[in-house]
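Colleague: Show me how the following folds:
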Amino acid sequence: MDRKKVFGRFEGQADFIKTTAKPAIDGTQKAALNRKGNVLYNQGDIEGARRIFLTTGYSDGLVRIGDYYRSKGRNLDALRMYWIAPDKNKSEAIIIELSTLIRYLIQEEKDN
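Modeller: Down below sits the predicted model:
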């Protein structure tokens, strides 16, 4: 199987970046940042809100960002947000869709 041929159509999509250290912020700072993230989200600054929610680990905000990405067809980005949140049900739904797609692509490659 020529992996470049099969997966080349996905070039340019965001990669997953794993981080383990979160900045030390107290509850008051976290609440203020989450409020700011909600304001940005409501104003349509999704990326600004995403950065804040990732920093604070605000799971509800991350799920909303994931829902936004999913509505725009950005399933890998949505999966990343759901995974970090963590929202197992929404993550698993995308994983099932992606695994079905990968099976289809592999079968298509075998048939050609």
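Colleague: and the longest helix along the chain, average pLDDT?
Modeller: Counting residues, the longest helix found in the chain (DSSP state H) is helix 88-111. Helix 88-111 shows a mean pLDDT of 93.
Colleague: Check which helices and strands that helix sits against.
Modeller: Applying 3 or more C-beta pairs under 8 Å, 6 or more residues apart in numbering; DSSP states H and E, we find helix 88-111 packed against helix 3-7, helix 59-71, helix 75-84. C-beta here means a position set from N, CA and C on the backbone, and glycine is covered the same way.
Colleague: okay, the ones you listed, which one's buried deepest?
Modeller: Of all these, helix 75-84 carries the top mean neighbour count, a mean of 21, counting by mean count of other C-beta atoms under 10 Å.
Colleague: Quick one: residues in contact with that helix.
Modeller: 13-14, 16, 50, 54, 57, 62-63, 65-67, 69-70, 90-91, 94-95, 97-98 (C-beta atoms under 8 Å, 6 or more residues apart in numbering).
Colleague: that older thread, for the helices and strands packed on helix 88-111, which one sits closest to Y104?
Modeller: helix 3-7 (10.4 Å; C-beta to C-beta).
Colleague: which secondary structure elements does the helix or strand just after the closest one contact?
Modeller: Counting by DSSP states H and E, the next helix or strand C-terminal to helix 3-7 is helix 27-42. Judged by 3+ C-beta pairs under 8 Å, 6+ apart, the packing partners of helix 27-42 are helix 46-56, helix 59-71.
Colleague: Quick check: which of the helices and strands packed on helix 88-111 is nearest to E108?
Modeller: Nearest to E108 among these is helix 3-7 (8.1 Å), distances taken as C-beta to C-beta.
Colleague: Just name the shakiest helix or strand of the protein by mean pLDDT.
Modeller: Least confident helix or strand of the chain, by mean pLDDT, DSSP states H and E, is helix 3-7 with a mean of 60.
Colleague: Contact partners for L101?
Modeller: Shown in contact with L101 (C-beta under 8 Å, 6+ apart): no residues.
Colleague: 10 Å - rerun?
Modeller: Each residue near L101 by C-beta atoms under 10 Å, 6 or more residues apart in numbering is listed here: N75.
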